[in-house]
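*Asks:* compute the structure for the input listed below.
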Amino acid sequence: MRQSASTIAALLMLLGPAAAGETPWQEVAPGVNIRMISTGQVKPDGTTLVALELDMPAGTKTYWRVPGETGLPTDLDFSANAQVKSHEMLWPYPTREEQDGYLDYAYFGDTVLPVELTLAPGAHAADVAATMGICSDICVPAQAHFTLALDDAAPDRANGLRIRQALAMVPIEWTDPRQPVGDVTYDAAAAMLVVPVGDAAVDRDTLIASTASGVPVFGAPQISPESNVVLIPVLGDIEESELVGQTVQLSFTTGMGAFELARTVKPAPGQ
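*Replies:* Prediction:
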């Protein structure tokens, strides 16, 4: 269940000060502070949840997993710590920003970015070097280093709540047998993805297309002359052979939250 910001704030006040599951704040840009927080619990399967928490002014941003045309990607390096076997960032649904003719996918103001860690047996701490783009009037590659205990004597309820609230905005895989999106094709002449949307629950204006590599960057969805079809422009020059056959991830929101599904791009009929 998705909680409102006011509800979360009230619950955090009731929970009181955070326990050991957090690092000190580090200032990485004027007015921008970052820390790492933890649930304070390692599950029996060796996984645990941590997060980067950013304290930023409302007009300052950092970037989604696909930054867009001008953004800087986030990189987490756990290689200095053999206790962390792998990590996966869990990206909340972002804001699409179009400014000065460029498009980026970003988070503004206070932001929590969850990360799932898989730990070696007996692991008790994480050591990570973080690099991420921070932009206001200018953009800088902000850097910070964190060392955080992962298995506290008791769960960190306040930080666990912060992480769960962020997780509620991470798109989940669409599992309903009734598929909301049909076959995605690429119209090379128009440089557009053609996306049939047959489910009224899908907010078509929120559709974001992306590839695993982040290339190419896709633009904001556009209205098609055909009913139940959304057109998504491909930004930049690309050959048809470079896109057809690629897997495209489609992220979108509904009244029940954010979802995602994958489609293999097919050539447009007659091309």
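*Asks:* residue contacts, the most centrally placed residue in the chain?
*Replies:* Centroid-nearest residue in the chain: residue 91, 2.2 Å away (criterion: C-alpha atoms, centre = their mean). Contacts for residue 91 (C-beta atoms under 8 Å, 6 or more residues apart in numbering) come out as 64-65, 113, 170-171. C-beta coordinates here come from the backbone N, C-alpha and C atoms, glycine included.
*Asks:* shaky segments in the protein?
*Replies:* Low-confidence segments of the chain (pLDDT under 70): 1-20, 153, 270-271.
*Asks:* how is it carved up into domains?
*Replies:* Per the record, the chain has its domains at 5-169, 173-267, by automatic domain parsing.
*Asks:* distance from the shortest one to the middle of the chain?
*Replies:* Centroid separation between domain 173-267 and its chain, computed with C-alpha atoms, centre = their mean, to the nearest Å, is 17 Å.
*Asks:* from one end of it to the other, what's the distance?
*Replies:* Using C-alpha to C-alpha, to the nearest Å, one end of domain 173-267 lies 25 Å from the other.
*Asks:* related to what we said a few turns ago, pull the most distant pair out of the contacts of residue 91.
*Replies:* 113 and 171 (14.0 Å; C-beta to C-beta).
*Asks:* these two: which is more packed in?
*Replies:* Legend: neighbour count by other C-beta atoms under 10 Å for residue 113 and residue 171, higher for residue 113 (25 against 20).
*Asks:* which residue is the nearest non-sequential neighbour of that one?
*Replies:* residue 52 (4.6 Å; C-beta to C-beta, 6 or more residues apart in numbering).
*Asks:* and that neighbour, how far from residue 157?
*Replies:* According to C-beta to C-beta, to the nearest Å, residue 52 stands 19 Å off from residue 157.
*Asks:* which one's more surrounded, these two?
*Replies:* Set side by side, residue 52 and residue 157 show more neighbours around residue 52, with 23 against 18, by other C-beta under 10 Å.
*Asks:* hang on, that one in a strand?
*Replies:* Yes - according to DSSP: H, G, I helix; E, B strand; the rest coil, residue 52 belongs to a strand.
*Asks:* do a quick rundown of the strands in the stretch 151-271 of the chain.
*Replies:* 172-173, 185-187, 192-196, 208-210, 217-218, 222-223, 229-235, 247-254, 257-264, 266-267 (DSSP state E, counting those that start in this stretch).
*Asks:* out of the ones you listed, which is closest to residue 69?
*Replies:* Using C-beta to C-beta, the strands of the stretch 151-271 of the chain put strand 217-218 closest to residue 69, at 5.5 Å.
*Asks:* list the helices and strands the closest one packs on?
*Replies:* Applying 3 or more C-beta pairs under 8 Å, 6 or more residues apart in numbering; DSSP states H and E, one finds that strand 217-218 makes contact with strand 208-210, strand 229-235.
*Asks:* what do you get if the cut-off is 7 Å, keeping everything else the same?
*Replies:* Of the remaining helices and strands, those touching strand 217-218 by 3 or more C-beta pairs under 7 Å, 6 or more residues apart in numbering; DSSP states H and E are strand 229-235.
*Asks:* contacts for the strand it packs on next, please.
*Replies:* 69, 103, 191-197, 204, 207, 209, 216-219, 221-222, 224, 243 (C-beta atoms under 7 Å, 6 or more residues apart in numbering).
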